[in-house]
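Asker: predicted model and sequence below, questions to follow.
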Number of protein chains: 2
Amino acid sequence: MLDERKRKILKEIVDEYIETAEPVSSAIIVEKYENNISSATVRNDMAELEKEGYLEKTHTSSGRVPSAKGYRLYVDELLKYDNISLEEIRYIQEKLETKANGIEDLTKITTTTLSEITHYTTVSIGPKTAGQLIEEIKFVLLGSRMLMGIIMTDTGLVKETIIKFDEDITAEQVETLNYFFNNRLKGEPIEKIDTSLEEYIFRELKYSINIIRPIVAQMKKLIEEEEKIYLEGTNKALELPEFRSLDLVKNFVNLLDTKEVMLDILNTGFAEDIQIYIGDENDNEDLKDFSIVTFKHAVGDKDLGTIGIIGPKRMNYSKVISVMKYISKKLNDDFKE
Amino acid sequence: MLDERKRKILKEIVDEYIETAEPVSSAIIVEKYENNISSATVRNDMAELEKEGYLEKTHTSSGRVPSAKGYRLYVDELLKYDNISLEEIRYIQEKLETKANGIEDLTKITTTTLSEITHYTTVSIGPKTAGQLIEEIKFVLLGSRMLMGIIMTDTGLVKETIIKFDEDITAEQVETLNYFFNNRLKGEPIEKIDTSLEEYIFRELKYSINIIRPIVAQMKKLIEEEEKIYLEGTNKALELPEFRSLDLVKNFVNLLDTKEVMLDILNTGFAEDIQIYIGDENDNEDLKDFSIVTFKHAVGDKDLGTIGIIGPKRMNYSKVISVMKYISKKLNDDFKE
DNA sequence: CTTTAGCACTCAAAGTTATTGACTGCTAAT
DNA sequence: ATTAGCAGTCAATAACTTTGAGTGCTAAAG
């Protein structure tokens, strides 16, 4: 349907629009990219591209702007993803090699680095606890009425919580707790920590319910904890020319502050794939002016966290995706050893 | 200087401005508050109040708007701080009684509650580690090449970190570490954790430097950790009429995203006092359109965290300060037992 | 059949001018 | 000391004009 030149012109229009944020005219294309054909020819091609749904006009006599379909073709077929410099690679390596403590820490560092390199707002969520296997559980006595409970899983995820009591606990009790919890739960999926434990411990150990209940409650809370979004560089986005409009700014801030929508998106992607949502491709009204690119860091079917970039539809996909591909690969390689 | 009526009229003007966000005219004052005098009289008083610096005009023929000095008098002398309903008290009690785990958790819960009740954006920072005394240090072995290091202080603050190694650690080593760290540091101020420890442990225990160094490094990092701001309800602010202006919105988001300025303010206040910064009273240019109200949660000279509300200068001081006073008192009372 | 010059047409954006009305400050009378 | 009343100010809005960057189309040329 589209001949080579039309595809080339489409790419040029999207490139130009991504650079300038202004509707692209036929004259500009001739001037900057296609010195050997006339603007009338470009206009003809543009008309065709518009008829096919790849371009749009903001009003009758305006230049063209890419449609979601246009961006999609651009991203899927017209771009190459090697837009990353040696300098950037070196910077990423340096950042990711500073010894991260735990996976969650690593995800945060990566998120920050990604924002620094792309100059877009980045978001991330930590690993899902669901499905992870318990490697070890430890209780540590702090003072006389406080424990720290620690769970370590097979992927190296460590979660800890403070547990307070209304009566004293002894070191022997803690030791027994350690033994019983590990005995029962080691190797089991983390979801096995539930209220049925209360009964079990009570039956086996006969400890006061004032001790058992807070422990189970806190451990449960720990694995069900509402997911926390980590956010970096909100202000960077606001420098972009699309945020001339007050409403758009408010939408954006709202989106990031409310969290639900972002959580939804971050939770959708498949392991190791880079997912791209352009404008209203995701049927959420609030997202119609934005694009989101995410990738899930995972090993096998074990989730290690998801990182995303959110920006205007007119985002530098080439850079963003190139950098993401690199980081995603690096995280995986690093993790294997 | 100001007679009773002028003070009354000033209060009415500020009240009215806080409610409507529009410059206040003499006619409105007569209509809503002072039915027995004429608008000309009010105008005379307003002129006087302006001459004294309590009011300003946005242009020659506009109504009056409070100046920073006007707000200051209003807050210091004209307001009573009992603007809190039974319902609100009950809501706060309920929220703060859900068993918080650790002080930092409590601060977060309080911050969220404060935002919910006042409908303003709230910020907080956790307790300063500096000055706290070490109550206990624990190392817990996780797997064979990972420790969790836990520090508990005299105020009940618990900080923990993951420490990874390139070689295996034994249970006995961990036990010895526990003994030595506690022996040397129990009762000492937390700042005593510094690089001089490396030497000490190396001398006493002769452990490989590969083990000692990561431990000391991580523990140090833990207490020097850059302070994290906890933020709640950014989007609430944006509904306010002052945020018609795009620049103001950007300033605001920037302010919250950059963190330094907020950290500065939150770190300034004195223990247990409620601090009020109105507009350019703090000499930071970025803050000239905003007011900040903070209070520091503390016991003696031990800092337990600072919570603040940030909003437009035209903030509902009466409500905000009343609620803060209540919460501040409650936190203190709760902590004592 | 494709390309192109050239011209009429469209429309957002920016600039101009006029109109309104919500205010004040002041004066002179109470 | 208070107030009625009126002239004067100025932001905000609306109504209109101008400009110029863009297109689509036609008819001729390759």
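Answerer: Happy to help now that I have it. Numbering: from 1, shown residues only, chains lettered A, B, ... in the order given.
Asker: find the nearest non-adjacent residue to the closest residue to DNA strand D within the stretch 1-150 of chain A, please.
Answerer: Across the stretch 1-150 of chain A, the shortest distance to DNA strand D (Cβ to the nearest atom of the strand) belongs to A:Ser25, at 3.0 Å. (Each C-beta comes from the backbone N, C-alpha and C, glycine too.) Among residues not flanking A:Ser25 along the chain, A:Gly63 sits closest, at 4.0 Å (Cβ to Cβ, 6 or more residues apart in numbering or on different chains).
Asker: show me what contacts the one you found?
Answerer: A:22-26, A:28, A:57 (Cβ atoms under 8 Å, 6 or more residues apart in numbering or on different chains).
Asker: just name the shakiest helix or strand of chain A by mean pLDDT.
Answerer: Each helix and strand of chain A was given a mean pLDDT (mean pLDDT, DSSP states H and E); the minimum falls on helix A:196-205 at a mean of 83.
Asker: whichever helix or strand comes after it vs helix A:196-205, what angle?
Answerer: Under the assignment DSSP states H and E, the closest C-terminal helix or strand after helix A:196-205 is helix A:209-224. Orientation of helix A:209-224 against helix A:196-205 (axes from the mean of the first three to the mean of the last three Cα atoms, to 10 degrees) gives an angle of 140 degrees.
Asker: what's the model's confidence in helix A:209-224, averaged?
Answerer: Regarding helix A:209-224, the rounded mean pLDDT is 88.
Asker: what helices or strands is that helix leaning on?
Answerer: Counting contacts by 3 or more Cβ pairs under 8 Å, 6 or more residues apart in numbering or on different chains; DSSP states H and E, helix A:209-224 is packed against strand A:146-153, strand A:158-164, helix A:196-205.
Asker: spatially nearest residue to A:Met219 (excluding sequence neighbours)?
Answerer: Closest to A:Met219 by Cβ to Cβ, 6+ apart is A:Ile193, at 5.1 Å.
Asker: how many neighbouring residues does that neighbour have?
Answerer: For A:Ile193, the count of nearby residues is 23 (other Cβ atoms under 10 Å in any protein chain shown).
Asker: next one: the one 4 residues further on
Answerer: Counted with other Cβ under 10 Å, the burial measure for A:Leu197 works out to 19 neighbours.
Asker: next one: A:Asp264
Answerer: Neighbour number of A:Asp264 under other Cβ under 10 Å is 12.
Asker: next up, the contacts around it.
Answerer: So A:Asp264 contacts A:Asn284 (Cβ under 8 Å, 6+ apart).
Asker: got the buried residues for the host helix or strand of it?
Answerer: Assigned by DSSP H and E, A:Asp264 belongs to helix A:260-268. Buried positions in helix A:260-268, judged by neighbour count with 16 or more other Cβ atoms under 10 Å in any protein chain shown: A:261-263, A:265-266.
Asker: mind putting the residues you listed in a markdown table, distance to B:Leu133 included?
Answerer: As requested, the buried residues of helix A:260-268 are arranged in a markdown table below (distance: Cβ to Cβ, whole Å):
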| residue | distance to B:Leu133 |
| --- | --- |
| A:Val261 | 45 |
| A:Met262 | 41 |
| A:Leu263 | 40 |
| A:Ile265 | 46 |
| A:Leu266 | 41 |
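Asker: which one of those residues sits closest to B:Asn101?
Answerer: Set against B:Asn101, the nearest of the buried residues of helix A:260-268 by Cβ to Cβ is A:Leu263 (22.9 Å).
Asker: test my guess that that closest one contacts A:Tyr230.
Answerer: No. Applying Cβ atoms under 8 Å as the test, A:Leu263 and A:Tyr230 come out as separate, 11.8 Å apart.
Asker: how far does stretch A:188-195 stretch from start to finish?
Answerer: End-to-end span of stretch A:188-195 (Cα to Cα, to the nearest Å): 15 Å.
Asker: what is the burial count for the residue of the stretch 1-150 of chain A found nearest DNA strand C?
Answerer: Closest residue of the stretch 1-150 of chain A to DNA strand C, Cβ to the nearest atom of the strand: A:Ser61 (2.9 Å). Other residues near A:Ser61 come to 6 when the count uses other Cβ under 10 Å.
Asker: likewise A:Lys57?
Answerer: 13.
Asker: list phi and psi for the residue nearest to it when sequence neighbours are not counted.
Answerer: Nearest residue to A:Lys57, sequence neighbours excluded (Cβ to Cβ, 6+ apart): A:Arg64, at 6.1 Å. Dihedral angles of A:Arg64 (phi, psi; degrees, to the nearest 10) stand at phi -100, psi 150.
Asker: what is the burial count for A:Arg64?
Answerer: 28.
Asker: for it, give me its contacts.
Answerer: Neighbouring residues of A:Arg64 by Cβ under 8 Å, 6+ apart: A:13, A:23-25, A:46, A:49-50, A:55-57.
Asker: one more time with 10 Å, if that's ok
Answerer: Residues near A:Arg64 by Cβ atoms under 10 Å, 6 or more residues apart in numbering or on different chains: A:9-10, A:13-14, A:16-17, A:23-26, A:29, A:42-43, A:46-47, A:49-50, A:54-58, A:70.
Asker: re the thing from before, the residue of the stretch 1-150 of chain A closest to DNA strand D and A:Asn35, how far apart?
Answerer: A:Ser25 is 16 Å from A:Asn35, where distance means Cβ to Cβ, to the nearest Å.
Asker: give me the more crowded residue out of these two.
Answerer: A:Ser25 (18 against 7).
Asker: quick one: the more buried one from A:Arg43, how far?
Answerer: Look at A:Ser25 and A:Arg43: by Cβ to Cβ, they are 9 Å apart.
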